[in-house]
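Participant: The following comprises the amino acid sequence and a computationally predicted model.
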Amino acid sequence: MQKPFNGSEWYNKMIESRTLEALRRENADAAARYEAMSREELLEVIRLRAEELGCVPSMTEVAGAAFIAERYGNWRTALREAGLGWPEGSPAMQHSRRYKAEYARQQEQYRAERAEKLQRRREKRQEREERKAAEAAAAEKPQEK
């Protein structure tokens, strides 16, 4: 038996998909930037993120963390060389602050896109109605003769 459509579930999955894609692009862009950076500059990226968060960042909290971890052998070594300890628990991606912030951005962007699409539909509908009214008015004029 087919499960009934659940709009809320669909919306959440769609926003989640957009969020994960945005984070994937952000990670790829960060890794591309990091390629030209020295090891010390990469450590500074981690330190700055730790300062922003107010705690030791897990890999899910740093854009391009997999690239940094690869440069240092693993994330623990990168953190140690940055002068940081091990993070208090490592949240799953969906529970990280970075994910939540991007999820909120994606919701906002989707709502704006949706509002714009609805506005375009209204405008097209109004244009059609105006055109039909003009055509009807033009069709009535010859009959008046």
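Facilitator: Thanks, I have it. Numbering: from 1, shown residues only.

Participant: who's in contact with Ala138?
Facilitator: Going by Cβ atoms under 8 Å, 6 or more residues apart in numbering, Ala138 touches no other residue. All C-beta spots, glycine's among them, are computed from the backbone N, C-alpha and C.

Participant: Quick check: it vs Glu129, distance?
Facilitator: To Glu129, Ala138 is 15 Å away according to Cβ to Cβ, to the nearest Å.

Participant: Repeat that for Leu48.
Facilitator: 56 Å.

Participant: Look at the two and report which has more neighbours.
Facilitator: Leu48 (13 against 10; other Cβ atoms under 10 Å).

Participant: How far does the longest helix anywhere in the chain sit from its chain's centre?
Facilitator: The single longest helix within the chain, with elements called by DSSP state H, is helix 97-143. Centre-to-centre, helix 97-143 and its host chain are 24 Å apart (Cα atoms, centre = their mean, to the nearest Å).

Participant: With stretch 90-100 instead?
Facilitator: That offset, for stretch 90-100, works out to 13 Å (Cα atoms, centre = their mean).

Participant: Tabulate the CA atom coordinates of that stretch in PDB.
Facilitator: The C-alpha coordinates for stretch 90-100 follow below in PDB (Å, rounded to 0.1, in the frame of the first residue of the first chain):
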ATOM      1  CA  SER A  90      31.200  15.100  17.600                       C
ATOM      2  CA  PRO A  91      27.700  16.000  16.500                       C
ATOM      3  CA  ALA A  92      26.200  14.300  13.500                       C
ATOM      4  CA  MET A  93      26.100  16.600  10.500                       C
ATOM      5  CA  GLN A  94      22.400  17.400  11.000                       C
ATOM      6  CA  HIS A  95      23.100  18.500  14.600                       C
ATOM      7  CA  SER A  96      26.000  20.700  13.900                       C
ATOM      8  CA  ARG A  97      25.700  24.500  14.100                       C
ATOM      9  CA  ARG A  98      27.000  24.700  10.500                       C
ATOM     10  CA  TYR A  99      24.200  22.500   9.200                       C
ATOM     11  CA  LYS A 100      21.500  24.200  11.200                       C
END
